[in-house]
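> Quick one: sequence and predicted model below, then my questions.
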Amino acid sequence: MPSTSAGRETFGSRLGFVLAAAGSAVGLGNMWRFPYLASEGGGASFVLLYVAMTLVMGIPLLLAEFGIGRRGQAAPVGSLRALGGPAWGRVGYMFVTAGFLILAYYAVIAGWTLRYALDAVANGFASDAAARFAEVSAGVDSAIFHVVFMLLTILIVVGGVKGGIERASLLLMPMLLLLVIGLALWAATLPGAREGYVVYLKPEIGELLNPAVWRAAASQALFSLSLGMGGMLTFASYLKRDANLPQSGTAVAFMDFGIAFIAGLTVFPVIYSLGLAGSVGESTVGALFIALPGAFEAMGFVGRVVGLFFFLVLAVGALTSTISLLEVVTASVMDELRVSRPAAALATGTAVAALGVLPAMDTDVLGLMDKIAGEFMLLAGALVLSLFAGWRIRDQLGEELLAGATAGWQRQVPRILWVLRWVVPAIVAVVLAFSLRGTLAAVAEFFGGGVPFQPG
Ligand code: PHE
């Protein structure tokens, strides 16, 4: 198998790779979906299950993607073909399709964050937050901000692995971390902070046995680590063999969880200090785009400043995620059609921008795309990945994970392979079966008259 093919782009540093992968992982899922799921799913009980899912399923799958990408030295289609043969290569198109579809609606939500940041600067947050959200979230404005966000994403991906993705990650990730911590510290000073923490983290032990909470924890662990669509695989294909994959993967998972956890320490105090709890329960999006701007508005000038930073954090987090989504599609087109990076990024980015107009005009379409691509296709991708890693190429993968790892990390490799072979497929298959039911129901409901808007 190739170690490093001549002429392939590479990351300039290991930190650059880790931050790019962490950038992909950290996004809207951390700042919005995680705190919401925790408050709904039994507080600390959800957090516990989520950590367990991340350890048992997330990290092994992340390492599978890392190992496959570095060994295959290509985007998903090329890597699966190189390691498993042409039939597996065709399976790789599923990953690319998932990335394409997720990007189309994810960039729409990302566009809303830009819009709110602009609101904070221009005229302050609206006093009727729900009405403002209705204006911002669907229609021509939403489409325009979506296209702007896609342009930013294309610009970075055109810059290449080192000059675009790595440079952006080295700049944006430390900035994001500082802002997230700063916001949480500020939130701790609010009068209602305590009550917010309680709602976020109060352990409801009974929820530990609730299958719905298990399912939510499993699917959030995949979404949050960007697994099942080949983004991590593609980033790892730009690595040299000296990188310590098990260590890098663990670092990425740790950062991803840390930022999600800290985000919750901001969101809930803000909402509870103003007694806006009612608007959280409606939908995941309610917390982020209605309750929070409402709270910021009520805080006057301070709220405007803090709100600006808050939505900038969201935009930055989303941007480092959209980069990885576009990179999967771009790199696949580059690999398969042998076209230049700028041409591939521009062509695929434009196609995504065009498709995204649909979810930008109609939040029901957005919700449906999230169910199909963001949940179901990622689960299917994860199942394929674990079967490929644990059964088809187990020995090669083991070799790849050992290369560059220090002795302590090397000792974990057999355990990781065993989990990928037996445990991950079993968990993912069960969750996938439930998700299929939910997804089919959502499709039926959509064509029968609209799905309730529950993205994420
Ligand atoms: N992990 C990102 C987040 O938490 C979302 C994402 C999913 C990005 C899948 C890429 C692929 O927001």
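Alright, I've got the coordinates. Here the structure is a predicted model, which means the values were calculated and not measured.

> Can you tell me the SS state at residue 404?
Here residue 404 is coil, with the state taken from DSSP: H, G, I helix; E, B strand; the rest coil.

> Who are the contact partners of it?
Neighbour list for residue 404: 241, 242, 243, 244, 245 [criterion: Cβ atoms under 8 Å, 6 or more residues apart in numbering]. C-beta: built from backbone N, CA, C; applies to glycine.

> And the pLDDT for it?
pLDDT, residue 404: 94.

> can you check residue 277 too?
As predicted, residue 277 sits at a pLDDT of 62.

> Could you do the one 10 residues further on as well?
Confidence at residue 287, expressed as pLDDT, is 68.

> Same check on residue 271?
The per-residue pLDDT reported for residue 271 equals 80.

> JSON lines please, covering the contacts of residue 404 and showing secondary structure and pLDDT.
Shown next, in JSON lines, are the contacts of residue 404 (DSSP: H, G, I helix; E, B strand; the rest coil; pLDDT from 0 to 100):
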{"residue": "241", "secondary structure": "coil", "pLDDT": "91"}
{"residue": "242", "secondary structure": "coil", "pLDDT": "92"}
{"residue": "243", "secondary structure": "coil", "pLDDT": "94"}
{"residue": "244", "secondary structure": "coil", "pLDDT": "97"}
{"residue": "245", "secondary structure": "helix", "pLDDT": "98"}
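
> Need the buried ones from the residues you listed selected in PyMOL.
Selecting the buried subset of the contacts of residue 404 in PyMOL, with 16 or more other Cβ atoms under 10 Å as the burial test, is done by:
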select buried, resi 243+244+245
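
> Closest to the ligand out of the contacts of residue 404?
residue 245 (19.0 Å; Cβ to the nearest ligand atom).

> ok, the closest one touching residue 401?
Yes. Using Cβ atoms under 8 Å, residue 245 makes contact with residue 401 at a distance of 5.4 Å.

> Adding distance to residue 34 as columns, could you present the contacts of residue 404 in JSON lines?
Listed next are the contacts of residue 404 as JSON lines, based on distance: Cβ to Cβ, whole Å:
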{"residue": "241", "distance to residue 34": "34"}
{"residue": "242", "distance to residue 34": "33"}
{"residue": "243", "distance to residue 34": "28"}
{"residue": "244", "distance to residue 34": "27"}
{"residue": "245", "distance to residue 34": "25"}
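
> which residues does residue 292 contact?
Applying Cβ under 8 Å, 6+ apart to residue 292 gives the contacts 267, 270, 271, 307, 310.

> Quick one: classify the fourth one as helix, strand or coil.
Three states are possible here, and by three-state DSSP the one that applies to residue 307 is helix.

> burial measure for it, as a count.
24 (other Cβ atoms under 10 Å).

> State the distance from the closest residue to it other than its chain neighbours to the ligand.
Excluding the flanking residues, the one nearest residue 307 by Cβ to Cβ, 6 or more residues apart in numbering is residue 296, at 3.5 Å. Distance, residue 296 to the ligand, using Cβ to the nearest ligand atom, to the nearest Å: 22 Å.
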